[in-house]
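**Q** Mind looking at a prediction? Sequence and model below.
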Amino acid sequence: MGREAREGFVVRWSDRSEHFIQGSTFLDVKKAFGWKNDVLMVRVIDDTQPQVLELRDRIDRDCAVEPLGFNDEHARGALRHTASHVLAQAVKRLFPDVRLGIGPAIEDGFYYDFDTGHRFTPEDLDDIEKEMRRIVKQNLPITREFMSKEDARKVFEEADEPYKVELIGELPDGEPISVYRQGEFFDLCAGPHVPYTGYLKAFRLLSIAGAYWRGDENRPMLQRIYGTAFMDKEALDAHLANLEEIKRRDHRRLGRELGLFSIEEEGGPGLVYWHPKGALVREIIEHFWKEEHRKRGYEIVYTPHIAKLDLWEVSGHWDWYSENMYSPIDVDDTKYLLKPMNCPFHILIYKGKTRSYRDLPIKYAELGTVYRYERSGVLHGMLRVRGFTQDDAHLFCRPDQLEEQLIGVLDLTQFMLKTFGYDEFYCMLSVRDQEDKASYIGDDEIWEQAEAALENALKAKNLDYQIDVGEAKFYGPAIDINIKDAMGRLWQGPTIQADLNLPERFDIHYIGEDGQRHRPVMIHRTVLGAMERFIGGLIEHYAGAFPMWLSPVQVRVMPVSDKQSDYAKVVAKHLEKQGLRTECDLGQDKIGYKIRQAQLEKVPYMIIVGDKEKQAGNISVRHRSLGDLGPMGLDEFASKAKQEVLSKSLESVFARS
RNA sequence: GCCAGCGUAGCUCAGUUGGCAGAGCAACUGAUUUGUAAUCAGUAGGUCGUCGGUUCGAAUCCGUCCGCUGGCUCCA
């Protein structure tokens, strides 16, 4: 009691404790405990909720502290947030007419939005970086002050910062507004920040892009400068090297180099041409997909590419998405639509006859090619296209089967992702925003049931999940799964949606035990998403080096010279007979060149045959990443290679030995 | 769709203040008979994305359209 009366506070860290007088900040704590400058923030632990505070915050109670470095997301964010302020300060020095938008820390860096008549160029970035270094060198203290809303508005009006004034207008009345200062620069900002600009050791500006003010396309387009910051040069360099690696893995580049696919300007944007090798990869995946679905009780169907527009009027999609569909085609005075989705077709099949409760669940699966008019600016290689093949399925079931069916879908999903080597994934439960009735159809009771069923399924599968309010589709809640690839990037993966809309709209039913008509529940799901996007992602995940079972060419046989050509052909033929996709390189090039070619094409196994092998009747094996594996009997290799294919192994069978 | 940048041979790129369009790799032809990531020589290949303008003259300057890239927005 009577804290105010006390002289100061006791702060504990590890097994030490120090006494601090009134007005002390955590900078004093840092000094007292001898922490280095890699401590960016502190976590304060007392009998209330642990709290993350800035080093400049005052100590106002007895507590235990924990230093937070770059590995802590709050601390990392603070450093990068400060970097964005330093960026803004530098830009204001060099281009005094800029007006500031917002400048937050983001996933791997930070950005700041500027409004100015000047068009930023890459050369400007160098100058801005230089100015930023100057600001860092000045080691300006970064201080926070609070002011009333009225004062804040006055300050930013005087500073001619209309965007800031707009933001202030939306802040709650009565609460103090925080403004950060460093040298001549000040900014409306909630923080947190590190205490000095000098804390910024390693940063880099990366790119310039347009961004609408507040993400609204009806508002001005600002110029956004992206950058990133780390604790030291090594970490920054590692991050930049990682960006290079991502570029190296770009599926658009690998797709061309490996002869997998192309997009033809003459044919139109967003439309993919699968070349022989890419088509082969796709065929293998589709074959696997179909087998796996049949095993799990799905029935494969095919449906048309176009159909009467009425179908999508009935479904409701025409109302919600018509601007994202290709324009209707007039056929004999009736409007037809290039299909943007498969659902209505599967419903028509379901509807084609009377279904008994005993027939359910009915599970129709289709690799259905759909066309959607995506805005030109969003197209991106195979990852965002206008024509794509969904690995679609619709499950019609009784309400009492819903949860078990959802569990089955999650199970299939996990199995598929694991097979392709996606070991890490994150589930999001996308539910409706209860405030926003206009964005959804159907009544609350059904929504609650469906949301509960999805959540129970996740729990039953023991999956961690995050609830995303407002992310539900207009017709129902969903589980959206993000998968993490080999580069640590997240991709939109499987989606499992409960559909509360279509059964109603198409008036489908089944006859229950009681002889009455009942409404079935519908699940809409994709596991891979779309073949285009999935395989585009796989190319990057594997860096073009597909595992054996997916490799378009699994083995290439190469004679050292012409003299072994016949033997090479015999070897290749033998392997081919064993079902291995084998090529023979009979070119006149030296063996080193042939190997290089095979390496660049990422062929898993190279079989080298020279006089030695021909004499011994064996082969010499080289793996694309393990290198020379030495001589081996042909049958031994063939059986091991086949085993690698059949097990869909992600690594070479020779890796373990 | 919006903002910015870009578009030269199959690929990666050079091309000065506007003055006859270049290289490396790939391809093709020939020589070479090769031992674990590039043998040598030669040949061919371009309406400089499109259309229009300025100019004695345009890959180069200006405009238009198309496409791509990075973002924004969007993704049933």
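**A** Sure thing, it's come through. Note that the structure is predicted; figures quoted are calculated from it, not measured.
**Q** Residue A:310: neighbour count?
**A** Using other C-beta atoms under 10 Å, residue A:310 is surrounded by 14 other residues. From N, CA and C alone the C-beta is placed, and that goes for glycine too.
**Q** wait, I meant residue A:369
**A** 18.
**Q** Listing partners with orientation, what would you give for whichever strand or helix holds it?
**A** Per DSSP states H and E, residue A:369 falls inside strand A:362-371. With DSSP bridges as the test, strand A:362-371 is paired with strand A:299-300 (parallel), strand A:387-397 (antiparallel).
**Q** Would you mind finding the most buried of those?
**A** strand A:387-397 (a mean of 23; mean count of other C-beta atoms under 10 Å).
**Q** Looking at that one now, give me its mean pLDDT.
**A** The average pLDDT within strand A:387-397 is 96.
**Q** got it, and stretch A:489-503?
**A** Mean pLDDT, stretch A:489-503: 91.
**Q** repeat for stretch A:336-355
**A** 95.
**Q** Pull out the buried residues from it.
**A** A:336-347, A:349-350, A:355 (16 or more other C-beta atoms under 10 Å).
**Q** Stretch A:421-439: end-to-end distance?
**A** 37 Å (C-alpha to C-alpha, to the nearest Å).
**Q** same deal with stretch A:31-47?
**A** 25 Å.
**Q** for it, the distance to its chain's centre please.
**A** 34 Å (C-alpha atoms, centre = their mean, to the nearest Å).
**Q** just stretch A:209-224 next, same as before
**A** That offset, for stretch A:209-224, works out to 23 Å (C-alpha atoms, centre = their mean).
**Q** For that stretch, output the C-alpha coordinates as CSV.
**A** The C-alpha trace of stretch A:209-224 is given here as CSV (Å, rounded to 0.1, in the frame of the first residue of the first chain):
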residue,chain,number,x,y,z
ALA,A,209,5.7,-0.4,-54.2
GLY,A,210,2.4,1.3,-54.4
ALA,A,211,-0.1,0.8,-51.6
TYR,A,212,-3.5,2.4,-51.2
TRP,A,213,-4.0,4.5,-48.1
ARG,A,214,-5.6,2.2,-45.6
GLY,A,215,-5.7,-0.5,-48.2
ASP,A,216,-8.7,1.1,-49.8
GLU,A,217,-8.6,1.3,-53.6
ASN,A,218,-10.8,4.4,-53.5
ARG,A,219,-8.2,6.3,-51.6
PRO,A,220,-4.9,7.8,-52.6
MET,A,221,-2.1,5.5,-53.7
LEU,A,222,1.0,6.0,-51.6
GLN,A,223,4.5,4.9,-52.2
ARG,A,224,5.7,2.2,-49.8
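**Q** which residues touch that stretch?
**A** By C-beta atoms under 8 Å, 6 or more residues apart in numbering, the residues outside stretch A:209-224 that reach it are A:101, A:111, A:112, A:113, A:114, A:115, A:116, A:119, A:120, A:163, A:208, A:226.
**Q** What residues are bridge-paired with the second one?
**A** Read it as residue A:111. Legend: beta-bridge partners of residue A:111 under DSSP bridges are residue A:226.
**Q** That one contacts residue A:100, correct?
**A** No. In this structure residue A:111 lies outside contact range of residue A:100 using C-beta atoms under 8 Å: 12.0 Å.
**Q** Now the longest helix that chain A contains: buried residues?
**A** When chain A is parsed with DSSP state H, its longest helix is helix A:73-94. Across helix A:73-94, burial judged by 16+ other C-beta under 10 Å covers A:74-93.
**Q** how distant is it from the center of its chain?
**A** 25 Å.
**Q** Can you name the residues in contact with whichever helix or strand comes after it?
**A** On the C-terminal side of helix A:73-94, the nearest following helix or strand under DSSP H and E is strand A:99-100. With contact meaning C-beta under 8 Å, 6+ apart, strand A:99-100 is reached by A:88, A:92, A:112-116, A:160-164, A:187.
**Q** contacting residues around the residue in the stretch 401-550 of chain A that RNA strand B sits nearest to?
**A** At 4.5 Å from RNA strand B, residue A:473 is the closest residue in the stretch 401-550 of chain A, using C-beta to the nearest atom of the strand. Residue A:473 makes contact with A:430, A:497, according to C-beta under 8 Å, 6+ apart.
**Q** neighbours around residue A:563, how many?
**A** Residue A:563 has 11 nearby residues by other C-beta under 10 Å.
**Q** on that earlier part again, for PyMOL, write the select line for the buried members of the contacts of stretch A:209-224.
**A** For the buried members of the contacts of stretch A:209-224, the matching PyMOL selection, counting by 16+ other C-beta under 10 Å, is:
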select buried, chain A and resi 101+111+112+113+114+115+120+163+208+226
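**Q** that older thread, report the rounded mean pLDDT for the strand holding residue A:369.
**A** pLDDT averaged over strand A:362-371 gives 97.
**Q** before we move on, what about stretch A:516-533?
**A** 95.
**Q** That stretch: end-to-end distance?
**A** 43 Å.
**Q** just to revisit the earlier point, so what sits against both of residue A:111 and residue A:100?
**A** Common neighbours of residue A:111 and residue A:100 (C-beta under 8 Å, 6+ apart) do not exist.
**Q** For the stretch 151-300 of chain A, which residues are neighbours of RNA strand B?
**A** Residues of the stretch 151-300 of chain A lying near RNA strand B by C-beta under 7 Å from any atom of the strand: A:207-212, A:215-217, A:221, A:223-224, A:252, A:256, A:263, A:265, A:268-270.
**Q** right, I mislabeled it, should have said the stretch 351-500 of chain A
**A** Residues of the stretch 351-500 of chain A lying near RNA strand B (C-beta under 7 Å from any atom of the strand): A:372-381, A:384, A:473, A:492, A:497.
**Q** Pull the most distant pair out of those.
**A** Farthest-apart pair in these is A:376 and A:497; separation 27.6 Å (C-beta to C-beta).
**Q** Comparing these two, which residue is more hemmed in?
**A** residue A:497 (23 against 9).
**Q** what kind of secondary structure is the more buried one in?
**A** What DSSP: H, G, I helix; E, B strand; the rest coil gives for residue A:497 is strand.
**Q** so it makes contact with residue A:521?
**A** No. Contact criterion C-beta under 8 Å: residue A:497 and residue A:521 do not qualify, at 11.5 Å.
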